[in-house]
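S.K.: show me how the following folds:
(chains A and B)
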2 protein chains.
Amino acid sequence: MIDAGQVQGVGVAVSTVIFALRQHPDTGAVGLWLPLVRRIREPWQGRWALPGGMVRVTEGLELAARRNLLETTALEPTYLEQLYAFGEADRSPDGRIVSIVYWALVRADEASRAAVDENVQWFPADDLPELAFDHNLIVDYALWRLRTKVEYGRIAHAFLGETFTLSELREVHETVLRRPLDPANFRRQIESSGAIVSTEEVVTGGRHRPPRLYRFNTAVDLVDNGPLTPVRL
Amino acid sequence: MIDAGQVQGVGVAVSTVIFALRQHPDTGAVGLWLPLVRRIREPWQGRWALPGGMVRVTEGLELAARRNLLETTALEPTYLEQLYAFGEADRSPDGRIVSIVYWALVRADEASRAAVDENVQWFPADDLPELAFDHNLIVDYALWRLRTKVEYGRIAHAFLGETFTLSELREVHETVLRRPLDPANFRRQIESSGAIVSTEEVVTGGRHRPPRLYRFNTAVDLVDNGPLTPVRL
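M.R.: Predicted coordinates:
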């Protein structure tokens, strides 16, 4: 076993995948988008990459992710979770780097605060160019986790506001999953999950049967890290 | 941003939490146990720690976890999954170390192959001494994940053999969750989950109504990493 004090030659970086629902400017279709940063140095100079950078000796991993995100995109997502550590030996041509990847789902109003310029742009998550490093694989993995593992309530809270109708919630799920969902089945599943609770409010506007508003069930933790304490801002 | 080539001063280690069901030698009660390794150098010389060590420049994270596990405990678990990266700045007194933690659930016959000596011992997971580093927190997190996140089918396959009765499966879940489960509810939930399938076999031995044997549904992936390719041995 190598001692901690020895030079090991393995660097540690953080990267973040941030998903938001946005309208395609050409087609008008709503889909999943994420912000990317153009690399201004080798390796892969000129290619797009996930926002991120190296971890400083004095900062924890999540703080490093937040700092890099703020510096590159001006984004400060409320909920940021660790996704996976990517550490194949050959994933960077310029020395060994292990990347701890975080991810966040943000509402449209949060996403709109991102600083966008020629080196920071939003891309449709399912139609990306060839990215630097193994970042295409990382996005694929994040999309898979989002589409197979994230519970109803958390998607509701992440992409919608405080309150929402069942139709709005179903539309978000249809966008994420890229397929239509049966309204009756969806209602049954979401109600039995306990992830959302009915409010006493309805949508105003004088319709004959105004739809009821729901909210996320706050008894369920948003960052579900169990015994680990999430970083509070 | 620090360049990859610069000395960063952050080391990368791997550790592994291996859970097996074992009988307590004094009480006979079956519970979750895990193997620990006594540290033979500072920091925390003499304390027990999770098996692990530093990652070599030329090896991927999972391979590093497997190598360290083999070297310290002689264990080669079939299924090894990444659990979480622990990287608080102050978690090691002897330089900054980020630990990528893996975990595995192993059957009793696999567990019995572990090399046990004065520096490698099995401990009951819910009654550990004070460990080196933040390893108590890591075990707590792994226990929480096991008790709240792992699906029926995967626990079945990990802790039981190829085939098992519903009673055996329920007993495993009762051990993991540390509470009795209603047999009828358990049967209903497990059957609706699709995680196990009924075989045509029953337990032999001449009982009036011999219980049916089930097996894990192999259509469900054991290492559920989505687009990531698990390491094949």
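S.K.: give me the nearest residue to residue A:20, chain neighbours excluded.
M.R.: In space, not counting the residues next to it along the chain, residue A:20 is nearest to residue A:111; the distance is 3.7 Å by CB to CB, 6 or more residues apart in numbering or on different chains. Yep, even glycine has a C-beta here, placed from its N, CA and C like the rest.
S.K.: I'd assumed residue A:89 was in contact with residue A:96.
M.R.: Yes: look at residue A:96 against residue A:89 with CB atoms under 8 Å: they come within range, at 6.4 Å.
S.K.: got the domain ranges for chain A?
M.R.: The record assigns chain A these domain ranges, following automatic domain parsing: A:10-149, A:152-216.
S.K.: mean confidence for the first one?
M.R.: Across domain A:10-149, pLDDT averages out at 93.
S.K.: by contact count, what packs against the strand ranked longest in chain A?
M.R.: Ordering each strand of chain A by length in residues (DSSP state E) puts strand A:10-23 first. For strand A:10-23, the packing partners by 3 or more CB pairs under 8 Å, 6 or more residues apart in numbering or on different chains; DSSP states H and E come out as strand A:30-38, strand A:52-54, helix A:61-73, strand A:96-105, helix A:108-111, helix A:135-149, strand B:10-23.
S.K.: and residue A:158, how far from chain B?
M.R.: Between residue A:158 and chain B the computed distance is 19 Å (CB to the nearest CB, to the nearest Å).
S.K.: re the thing from before, list residues touching both of residue A:96 and residue A:89?
M.R.: In the contact map built from CB atoms under 8 Å, 6 or more residues apart in numbering or on different chains, the residues linked to both residue A:96 and residue A:89 are residue B:57.
S.K.: tell me which element the residue lying closest to residue A:166 once chain neighbours are set aside falls in.
M.R.: Nearest-residue entry for residue A:166: residue A:187, 5.8 Å, with adjacent residues in sequence omitted and distances by CB to CB, 6+ apart. Residue A:187 belongs to helix A:183-193 when assigned by DSSP states H and E.
S.K.: what sits up against the helix or strand just after that helix?
M.R.: Past helix A:183-193, further along toward the C-terminus, the next helix or strand under DSSP H and E is strand A:196-202. Around strand A:196-202, the neighbours that count as contacts under CB under 8 Å, 6+ apart are A:152-153, A:156, A:163, A:169, A:190, A:210-217.
S.K.: filter these down to the buried ones and hand me the ChimeraX line.
M.R.: Written as a ChimeraX command, the selection of buried residues from the contacts of strand A:196-202, which uses 16 or more other CB atoms under 10 Å in any protein chain shown, is:
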select /A:152,153,156,169,190,213,214,215,216
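S.K.: how long is stretch A:195-207 end to end?
M.R.: End-to-end distance for stretch A:195-207: 27 Å, by CA to CA, to the nearest Å.
S.K.: so how far is residue A:168 from residue A:34?
M.R.: Separation of residue A:34 from residue A:168 (CB to CB, to the nearest Å): 22 Å.
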